[in-house]
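Chemist: I would like the atomic coordinates for the input below:
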Amino acid sequence: MSVNHFILLSAILFSLGAVGVLIRRNPLIMFMSIELMLNAVNLAFVAFSRYLQVLEGQVFVFLILAVAAAEVAVGLAIIVAIFRSRESVDVDEISGLKG
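Modeler: This is a model prediction of the structure:
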């Protein structure tokens, strides 16, 4: 398999994630779509890293995974806090986070 196959798969996954973020109104599905987009970028980094025979792309993937884990933890905490205060997590109903 060539690097083109991996880049095509990465583009398809990224497009599916972008469509999920733009169309769906459920914050959990939006977070999963963002994670799908990050994993698509990770796939592209690993593919190019393997093709160019350098390790910087694979090291950068570990940094992206750490940021994604932190994003999920903070995002889920915000969703739980909004659900406890409003008993709804619909994105259209949330106008802002006011104290």
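
Chemist: buried ones in the strand or helix carrying residue 11?
Modeler: Assigned by DSSP states H and E, residue 11 falls within helix 3-23. For helix 3-23, a neighbour-count test (16 or more other Cβ atoms under 10 Å) marks 6, 7, 10, 13, 14, 17, 20, 21 as buried. For every residue, glycine as well, the C-beta is placed using N, CA and C.

Chemist: dump the residue contacts of the nearest residue to the last one once chain neighbours are set aside.
Modeler: Put plainly, it is residue 21. Leaving aside its chain neighbours, residue 21 sits nearest to residue 33 (4.6 Å; criterion: Cβ to Cβ, 6 or more residues apart in numbering). For residue 33, the contacting residues are 16, 17, 18, 19, 20, 21, 24, by Cβ atoms under 8 Å, 6 or more residues apart in numbering.

Chemist: ok, now with 10 Å
Modeler: 16, 17, 18, 19, 20, 21, 22, 23, 24, 26 (Cβ atoms under 10 Å, 6 or more residues apart in numbering).

Chemist: now flag whichever of those residues is closest to residue 39.
Modeler: Ranked by distance to residue 39 (Cβ to Cβ), the contacts of residue 33 are led by residue 17 at 8.2 Å.

Chemist: starting at the chain centroid, how far to the helix holding residue 11?
Modeler: Remark: helix 3-23 is offset 11 Å from the chain centroid, using Cα atoms, centre = their mean, to the nearest Å.

Chemist: show me what it is packed against.
Modeler: The contact analysis (3 or more Cβ pairs under 10 Å, 6 or more residues apart in numbering; DSSP states H and E) places helix 3-23 against helix 27-52.

Chemist: I'd like the next helix or strand past the helix it packs on.
Modeler: Sequence-wise, the next helix or strand beyond helix 27-52 is helix 56-86, with elements assigned using DSSP H and E.

Chemist: and the closest residue to residue 45 other than its chain neighbours, what pLDDT?
Modeler: Once flanking residues are discounted, residue 45 sits nearest to residue 57: 4.2 Å by Cβ to Cβ, 6+ apart. On pLDDT, residue 57 comes in at 87.

Chemist: number of nearby residues for residue 57?
Modeler: Residues lying near residue 57 (other Cβ atoms under 10 Å) number 17.
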